[in-house]
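Asker: sharing a sequence plus its predicted fold:
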Amino acid sequence: MTPDAAATTPAELRFRLIALWVLAALMAVTAVHQVSIVLAAQPLGIDFLPMWTGARAWLDGHREVYDFVAITERQAWALEAHHGLRPFVYPPSGLLLFLPFATLPFWWAYGLWTGATGLLFAGVTASVVPRHRLLTGVLALVLSPCAMVVLIGQSTFLVGAMAALAVIWLK
């Protein structure tokens, strides 16, 4: 124990935990507000869509995964008001990661992708502070950037979990 930890009273610890839960609630409210702003400008899952579409094209026997126009055209059903190219920009090995999700309908795949990678990220970050795993995991997920990752379906949770694991394994 550190000298500071020994001097902390149970009341002070309780106050700190309550303050952190209040902070988590405020961050969640901020994230919801930001999500509403972004959803007004772009469709849900917009960054997951090219990942799923590229893998789906491959499964369908189309090898135009790196043809930006062809992959964008395959996404037209979800990009009504959104203009511009939506390419598959991952290396060929990324297809191995996305192929299982491409076997599912888009919305199921998007939900599974964001849920699984989000839980992985929360679990790994929660293990950083073993004494308060639940609080740490919740704080990690209610940060505004995390809400954006869920909203658009990026691979950030997966990369974040791998980075956190690397730091943990350094110990």
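Answerer: Looks like it came in fine.

Asker: for stretch 113-126, which positions count as buried?
Answerer: Neighbour-count burial for stretch 113-126, with 16 or more other Cβ atoms under 10 Å as criterion, is recorded at 113-114, 117-118, 120-122, 124-126. For every residue, glycine as well, the C-beta is placed using N, CA and C.

Asker: next one: stretch 52-61
Answerer: 52-58.

Asker: what average pLDDT does that stretch get?
Answerer: Taken as a whole, stretch 52-61 has a mean pLDDT of 94.

Asker: on that earlier part again, in a markdown table: the buried residues of stretch 52-61, plus distance to S155 and secondary structure.
Answerer: Listed next are the buried residues of stretch 52-61 as a markdown table, based on distance: Cβ to Cβ, whole Å; DSSP: H, G, I helix; E, B strand; the rest coil:
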| residue | distance to S155 | secondary structure |
| --- | --- | --- |
| W52 | 12 | helix |
| T53 | 15 | helix |
| G54 | 13 | helix |
| A55 | 13 | helix |
| R56 | 17 | helix |
| A57 | 18 | helix |
| W58 | 17 | helix |
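
Asker: which stretches of the protein aren't confidently modelled?
Answerer: Under the criterion pLDDT under 70, the flagged ranges of the chain are 1-7, 81-82, 132, 141, 144, 171.

Asker: what helices or strands is the lengthiest helix in it leaning on?
Answerer: As assigned by DSSP state H, the longest helix anywhere in the chain is helix 10-41. Where contact means 3 or more Cβ pairs under 8 Å, 6 or more residues apart in numbering; DSSP states H and E, helix 10-41 is packed against helix 133-142, helix 144-152.
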